[in-house]
Every structure is written in structure tokens, then in C-alpha cells.
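Student: Quick one: sequence plus predicted model below, questions after.
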Amino acid sequence: MTSPTGEIYRIDWLPGTDVLHGTCHCGAEHSAEDPIEMWEWMLGHPEGHTPRDPNVPNGPRDPNVTQGNGS
């Protein structure tokens, strides 16, 4: 039996869109419409991951994050 690693991956669907928004256990965030692209990004940690600085509110995010238009 394996023991838990404590790593949490989160993927949320943005309602009203085809966009998935993922947060890696390292704090990096990424958005994509393709679920395969999202999981490849997640499991590719740390490649392509730029975690947010927890000491800076709304600090720099992963440059690959696309912002929705809210519609």
C-alpha cells in the first residue's frame, strides 16, 4: 500500500464556458479548454509552473493563465 503524498490538484470548470481552471499543489494556476492539456500540465510539474508568491496578495500568476470575460 502507498502512503498519501499530501499533494492536492484542483480543476474547476468555469460555468458558462468551456474553460477548465487548474491549481497545482505548488500554487501555480493554468486555464485550458482541453482536459487532456490540463492534466498534462498538472502532471508535468514543475515544468511550466510559476507558483504565486503567497506573501503578495493577487501576486504574479502563471503566465499561461487565460482570463475569462465573465460572460
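Tutor: Ah, there it is.

Student: Pass me the low-pLDDT residue ranges in the chain, would you?
Tutor: Applying pLDDT under 70 to the chain flags the ranges 1-5, 51-71.

Student: That one: helices as residue ranges?
Tutor: Along the chain, counting by DSSP state H, helices occupy 35-43.

Student: where exactly do the strands run in it?
Tutor: Using DSSP state E, the strands of the chain run over 10-13, 20-23, 29-32.

Student: What is the burial count for the nearest residue to residue 20 once chain neighbours are set aside?
Tutor: Excluding the flanking residues, the one nearest residue 20 by Cβ to Cβ, 6 or more residues apart in numbering is residue 38, at 5.0 Å. Heads up, the C-betas are built off the backbone N, CA and C, glycines and all. Neighbours of residue 38 under the rule other Cβ atoms under 10 Å: 19.

Student: For residue 38, which residues are in contact?
Tutor: 11, 20, 22, 30, 32 (Cβ atoms under 8 Å, 6 or more residues apart in numbering).

Student: try 10 Å this time
Tutor: Residue 38 sits next to 9, 11, 19, 20, 21, 22, 30, 31, 32 when contact means Cβ atoms under 10 Å, 6 or more residues apart in numbering.

Student: Most neighbours among the residues you listed, please name it.
Tutor: For the contacts of residue 38, neighbours tallied by other Cβ under 10 Å; top is residue 30, 23 neighbours.

Student: I figured it was touching residue 20, is that so?
Tutor: Yes: contact criterion Cβ atoms under 10 Å: residue 30 and residue 20 qualify, at 8.9 Å.

Student: Find residues that contact each of those two.
Tutor: 11, 37, 38.

Student: Just put the residues you listed in a markdown table and tack on distance to residue 45.
Tutor: Listed next are the shared contacts of residue 30 and residue 20 as a markdown table, based on distance: Cβ to Cβ, whole Å:
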| residue | distance to residue 45 |
| --- | --- |
| 11 | 14 |
| 37 | 14 |
| 38 | 13 |
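
Student: This completes my enquiry, with thanks.
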